[in-house]
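J.: Output the structure for:
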Amino acid sequence: MSKPAERHAQLLDEIVGPFDLSHDFGRKGAYEAAIEYARKHLIDDPLCDEFLAAAAKRLDFAPITRENLDSRVRLPKEAWLDLWISDEDDEVALTGTREGIQYLIELLTQLRDATDPEQHIHLDRGALPMTDNSANLVLFKEDETWFTGVGAEGAQEFPQREIDPKSIYAIQFIHYPPDDLPISAHRLYRVMKVEEEDGKATSIKEFGEGTENRYYRFSFVADNDERFTYTFHLDDPAVNYFTHREILSLAMKAV
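T.: Numbering: from 1, shown residues only. All right, here's what the predicted structure looks like:
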């Protein structure tokens, strides 16, 4: 074990000592204490990320980076959120502790005031403050035209997303996926290939509010491990597209 690793192990021994690690609440408290220690004492330490990674691995949580300590809203103690989606009643229930709801309010306030047009926030199942049984939650901010955009000659039309189809790395369905596809809502699917639609597609998810030249063929592996090719519209709000950079950011952000 290297000296930095030994130092991190010793620090973690001291930090997690007061906590009962035999249950989730104890591990969560220990992880929060480790993050708080890094925020107070290691923010300028070049090995801060290594300490945070060691804490996440030891306590079985998704790791965060030094950048997260300053750029994200501080996660308060006793903050829990759970997002439940009914398969039958088309209902969504968001449940949180007082601290969890306040944390969500502050995240939404940060998103509201963000100047970066691509800013969005991921809260993932099993990553603080979301429970292990929660659905994933993604928060976006868009102008009113995203909902009520008007195209040429007054035709109702959704605004075009600023995304290069060739850069799309994963796809996600927000509402009900096409019935003929063995895929699930809210799950990420790795995109293997993206091609321009040639007008001969037989498997296509129609989106009448969009322009015709925005349809692309996507190849991906579905829930049954079979590869499917299906055509989707780039501006369909029921479909989310993610670049490789966004997926990496999603994997790194836990709080």
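J.: where in this protein is pLDDT low?
T.: 1, 67-72, 89, 116-119, 148-158, 175-176, 249-255 (pLDDT under 70).
J.: For my notes, confirm F218 occurs in a strand.
T.: Yes: the assignment for F218 (DSSP: H, G, I helix; E, B strand; the rest coil) places it in a strand.
J.: That one: neighbour count?
T.: F218 has 21 neighbouring residues, counting by other Cβ atoms under 10 Å. No exception for glycine: its C-beta is placed from N, CA and C like everyone else's.
J.: what do you get for D235?
T.: Number of residues near D235 (other Cβ under 10 Å) recorded here: 20.
J.: What pairs with the longest strand seen in the chain, parallel or antiparallel?
T.: In the chain, assigned by DSSP state E, the strand with the most residues is strand 188-196. Here strand 188-196 is paired, per DSSP bridges, with strand 168-173 (antiparallel), strand 215-221 (antiparallel).
J.: Quick check: what element follows the longest one along the chain?
T.: Which is strand 215-221. strand 227-233 (DSSP states H and E).
J.: Can you give the distance from the next helix or strand after that next one to the centre of its chain?
T.: Going down the chain from strand 227-233, the next helix or strand is strand 239-243, by DSSP H and E. Distance of strand 239-243 from the chain centroid (Cα atoms, centre = their mean, to the nearest Å) equals 11 Å.
J.: what helices or strands is strand 239-243 leaning on?
T.: strand 168-173 (3 or more Cβ pairs under 8 Å, 6 or more residues apart in numbering; DSSP states H and E).
J.: about what we covered before: and the contacts of the longest strand of the chain?
T.: Here strand 188-196 makes contact (Cβ atoms under 8 Å, 6 or more residues apart in numbering) with 165-166, 168-172, 183, 216-222, 227, 229, 242, 247.
J.: Would you mark the buried spots in it?
T.: For strand 188-196, the neighbour count (16 or more other Cβ atoms under 10 Å) marks L188, Y189, V191, V194 as buried.
J.: Please produce CSV containing those, extended by distance to E14.
T.: Formatted as CSV, the buried residues of strand 188-196 follow (distance: Cβ to Cβ, whole Å):
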residue, distance to E14
L188, 38
Y189, 43
V191, 45
V194, 50
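J.: Just the closest of these to T109, please.
T.: Nearest to T109 among the buried residues of strand 188-196: L188, at 27.0 Å, using Cβ to Cβ.
J.: beta partners of the closest one?
T.: Beta-bridge pairing of L188 under DSSP bridges involves Q172.
J.: Look up how far V16 lies from it.
T.: From L188 across to V16, the span is 32 Å (Cβ to Cβ, to the nearest Å).
J.: Now the longest helix belonging to the chain: buried residues?
T.: Criterion DSSP state H: the longest helix present in the chain is helix 24-41. For helix 24-41, a neighbour-count test (16+ other Cβ under 10 Å) marks R27, K28, G29, A30, Y31, E32, A33, A34, I35, Y37, A38 as buried.
J.: which residue packs closest to the fifth one, ignoring adjacent ones?
T.: Going back to what we said before, that points to Y31. Distance criterion Cβ to Cβ, 6 or more residues apart in numbering; nearest residue to Y31, sequence neighbours excluded, is L59 at 4.6 Å.
J.: Kind regards, and thank you for your time.
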